[in-house]
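Novice: Give me coordinates for this.
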Amino acid sequence: MDVNRGTCVPHGVNQKETGFGYTLSVIGGKYKMTILYCLAEHNVLRPNEMLRKINGIPFKTLSMMLKELEADGLILRKDYAQIPPKVEYSLSELGQSIIPILHMMCEWGEKNRRLD
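Specialist: Sure thing, here's the model as predicted:
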């Protein structure tokens, strides 16, 4: 795919209507990629475990990001009918399919970041 020729984000087309725009919409946001990576590393996590693993994320933000990721089909939520309530999150098959893209982004960043 040659981005310079406009095949990924063609001229005159709303970016949100492209594959590029869709990808950004599901992984965009301050913590979404971090949450996906965390779930890829640990397979299944409860929200409080994620709070401990993701430095600085407020609980309200985590809850909102988890709802969005679940709505987009990237993560699965499993509720247990018990007291106290127990909820676990894991990557869906769709969520697992985006991890290689996140790895490529990390590799690009490591290769090209400036250590000023």
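
Novice: for this structure, what are the low-confidence residue spans?
Specialist: Along the chain, segments meeting pLDDT under 70 span 1-7, 9-10, 13, 15-16, 116.

Novice: what are the ranges of the strands in it?
Specialist: Secondary structure of the chain (DSSP state E): strands located at 44-45, 75-80, 86-91.

Novice: Could you check the angle the last one makes with strand 75-80?
Specialist: Taking axes from the mean of the first three to the mean of the last three Cα atoms, to 10 degrees, strand 86-91 and strand 75-80 form an angle of 160 degrees between their directions.

Novice: Strand 86-91 pairs with which strands?
Specialist: Using DSSP bridges, the strands paired with strand 86-91 are strand 44-45 (antiparallel), strand 75-80 (antiparallel).

Novice: Could you tell me how far the residue sitting furthest away from the middle of the chain is located from His42?
Specialist: What lies farthest from the middle of the chain is Ile83; by Cα atoms, centre = their mean that is 29.6 Å. To His42, Ile83 is 25 Å away according to Cβ to Cβ, to the nearest Å. (Each C-beta comes from the backbone N, C-alpha and C, glycine too.)

Novice: and the longest helix for the protein?
Specialist: In the chain, assigned by DSSP state H, the helix with the most residues is helix 93-112.

Novice: I'd like to know which elements that helix is packed against.
Specialist: In this structure, helix 93-112 makes packing contacts with helix 19-27, helix 32-42, judged by 3 or more Cβ pairs under 8 Å, 6 or more residues apart in numbering; DSSP states H and E.

Novice: Buried ones in it, by neighbour count?
Specialist: Going by neighbour count (16 or more other Cβ atoms under 10 Å), the buried part of helix 93-112 is Gly95, Ile98, Ile99.

Novice: the inter-axis angle of that helix versus strand 86-91?
Specialist: Using the same axes, to 10 degrees: helix 93-112 against strand 86-91 is 60 degrees.
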